[in-house]
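Student: Sharing a sequence plus its predicted fold:
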Amino acid sequence: MAKKVQKIIKVQAVGGQAKPAPPLGPTLGQAGINIGEFINKFNSETKDRMGEVVPTIITVYEDRSFSLQYKTAPATALILKALKKDKGSGQNLTSKIGTLTKAQIKEIAEKKMVDLNANTVEGAMKIIEGSCRSMGVEVK
């Protein structure tokens, strides 16, 4: 018999470096999840993504057990990583923070393809280019 789902939680934590401190600890505590067990499981499963933001979907069952599903890093994080910047432009129309080539956009789009609502790589590239524009990044 399948376990009955109690709730689904979406969190973002740095791969291999999750800590029980806020905002993660209180969120897990309210859901009734054993925080230590979650931290150990998350850190061991995301060691290969150390330093990268890992969006995670936590499915909590009635018996307080849980399962984890990992997504790819947010598009904005991948764009900033490609530019080697800390944050986007506060004034995206007037102040540009950098430039990405179509090849770099394609690389990011291929990495994000599984989580995007696009049927082709070209469609995914348009989504990533839109994120670039809103962050103040030029695409050449």
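Tutor: Great, that's in hand.
Student: tally of neighbours for residue 45?
Tutor: Residues near residue 45, counting by other C-beta atoms under 10 Å, number 15. Glycine gets a C-beta too; all of them are placed from N, C-alpha and C.
Student: ok, and the closest non-adjacent residue to it?
Tutor: Nearest in space to residue 45, with sequence neighbours left out and distances taken as C-beta to C-beta, 6 or more residues apart in numbering, is residue 68 at 7.0 Å.
Student: Confirm that neighbour sits in a helix?
Tutor: No - read with DSSP: H, G, I helix; E, B strand; the rest coil, residue 68 is strand and lies in no helix.
Student: contacting residues around it?
Tutor: Under the criterion of C-beta atoms under 8 Å, 6 or more residues apart in numbering, the contact list for residue 68 reads 41, 42, 45, 56, 57, 58, 59.
Student: got the buried residues for the host helix or strand of the fifth one?
Tutor: Using DSSP states H and E, residue 57 maps to strand 53-61. With burial defined by 16 or more other C-beta atoms under 10 Å, the residues of strand 53-61 counted as buried are 53, 54, 55, 56, 58, 60.
Student: related to what we said a few turns ago, just put the contacts of residue 68 in TSV and tack on pLDDT and distance to residue 8.
Tutor: Listed next are these as TSV, based on pLDDT from 0 to 100; distance: C-beta to C-beta, whole Å:
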residue	pLDDT	distance to residue 8
41	93	17
42	92	16
45	92	18
56	93	11
57	94	6
58	93	7
59	94	5
